[in-house]
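Novice: coordinates only, sequence not included:
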């Protein structure tokens with residue numbers, strides 16, 4: 001099995017879109033659908049799933065998960081962290097955000113300390129937390145409000161499914177960037193991340209499941 005660096009994965013994404021004309025929206029759909037299947041398996045009692053989404057494509061993946069869980073009658077709530085201004089119009093995350101809103105899935109925007117009690121309560125009572133805040137593009141130590149949210153997740157005692165990479169984990173080294181989500185399982189896309197070769201990363205990733213999102217094999 002080949003392990004890919006963040007730069008290699010970004011180039012693979014670029015070539016999917018520009019060389020093969022595979023829409024980013026389709027890749028996101030495949031990623032989210034695969035992760036939602038895992039979410040359903042981890043939470044068989046169908047207790048409320050809380051999805052924490054960031055402002056990038058990782059957040060868009062999480063919004064796809066929210067949609068499928070809603071279709072499967074799993075109670076779901078989305079917290080948008082650091083994405084209060086929404087997504088760039090006509091981007092893949094933007095389209096999925098529009099769908100989630102029209103489906104009536106509850107969405108809260110984390111705006112600061114005043115909402116800390118509410119989000120802490122949600123993650124502590126969740127049957128499953130889906131971590132879709134950061135993907136492979138993170139560099140530098142995790143800052144607020146993300147660091148505080150990650151701390152809440154780790155202290156919650158709830159089951160956690162990480163999307164692609166646990167938020168805060170350096171995908172190239174497998175080491176936390178100050179603090180990182182500790183997941184029960186990680187749904188990773190296209191290829192295993194270089195950092196997953198580091199045995200220390202297991203503390204954060206839990207079991208890693210590789211999901212095929214439709215990347216041409218020759219790119220991998």
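Specialist: Structure received. Since this is a predicted model, take the numbers as computed values, not measurements.

Novice: now the strands for this structure?
Specialist: 3-4, 49-53, 76-81, 107-110, 128-132, 160-163, 185-189, 192-193, 207-211 (DSSP state E).

Novice: out of those, deepest packed?
Specialist: Mean neighbours per residue, mean count of other CB atoms under 10 Å, is largest over these for strand 160-163, with a mean of 31. C-beta: built from backbone N, CA, C; applies to glycine.

Novice: so how far is it from its chain's centroid?
Specialist: On the basis of CA atoms, centre = their mean, to the nearest Å, strand 160-163 sits 6 Å off its chain's mean C-alpha point.

Novice: which residues does that strand contact?
Specialist: With contact meaning CB atoms under 8 Å, 6 or more residues apart in numbering, strand 160-163 is reached by 31, 35, 38-39, 42, 58, 61-62, 65, 128-132, 135, 153, 181-187, 204-206.

Novice: who's in contact with residue 209?
Specialist: Residue 209 neighbours (CB under 8 Å, 6+ apart): 38, 185-188.

Novice: would you turn these into a markdown table with distance to residue 197 and pLDDT?
Specialist: Formatted as a markdown table, these follow (distance: CB to CB, whole Å; pLDDT from 0 to 100):
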| residue | distance to residue 197 | pLDDT |
| --- | --- | --- |
| 38 | 22 | 98 |
| 185 | 18 | 98 |
| 186 | 14 | 98 |
| 187 | 18 | 98 |
| 188 | 13 | 97 |
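
Novice: which of the residues you listed lies closest to residue 143?
Specialist: Comparing the contacts of residue 209 against residue 143 with CB to CB places residue 186 closest, at 22.3 Å.

Novice: identify the bridge partners of the closest one.
Specialist: Per DSSP bridges, the residues bridged to residue 186 are residue 162, residue 208.

Novice: report the longest helix in the chain, please.
Specialist: helix 24-42 (DSSP state H).

Novice: can you give me the angle it makes with strand 207-211?
Specialist: 140 degrees (axes from the mean of the first three to the mean of the last three CA atoms, to 10 degrees).

Novice: what sits up against helix 24-42?
Specialist: Applying CB under 8 Å, 6+ apart, the contact partners of helix 24-42 are 13, 16-17, 49, 57, 60-65, 67-69, 72, 74, 91-93, 95-96, 128, 130, 159, 161, 163-164, 184-185, 187, 189, 209, 211-215.

Novice: got the buried residues for that helix?
Specialist: Using 16 or more other CB atoms under 10 Å as the test for burial, helix 24-42 gives 24-25, 27-40, 42.

Novice: pLDDT value on residue 193, please?
Specialist: You'll see residue 193 listed with a pLDDT of 96.

Novice: now do the spatially most central residue of the chain, the pLDDT please.
Specialist: For the chain, the residue nearest the mean C-alpha position is residue 132 (2.3 Å; CA atoms, centre = their mean). pLDDT recorded at residue 132 is 97.

Novice: check residue 135 too.
Specialist: For residue 135, the predicted pLDDT is 89.

Novice: ok, now residue 1?
Specialist: 65.

Novice: and for residue 83?
Specialist: On pLDDT, residue 83 comes in at 63.

Novice: likewise for the one 10 residues further on?
Specialist: Model confidence at residue 93, expressed as pLDDT, equals 94.

Novice: the one 10 residues further on now?
Specialist: According to the model's per-residue confidence, residue 103 sits at a pLDDT of 97.
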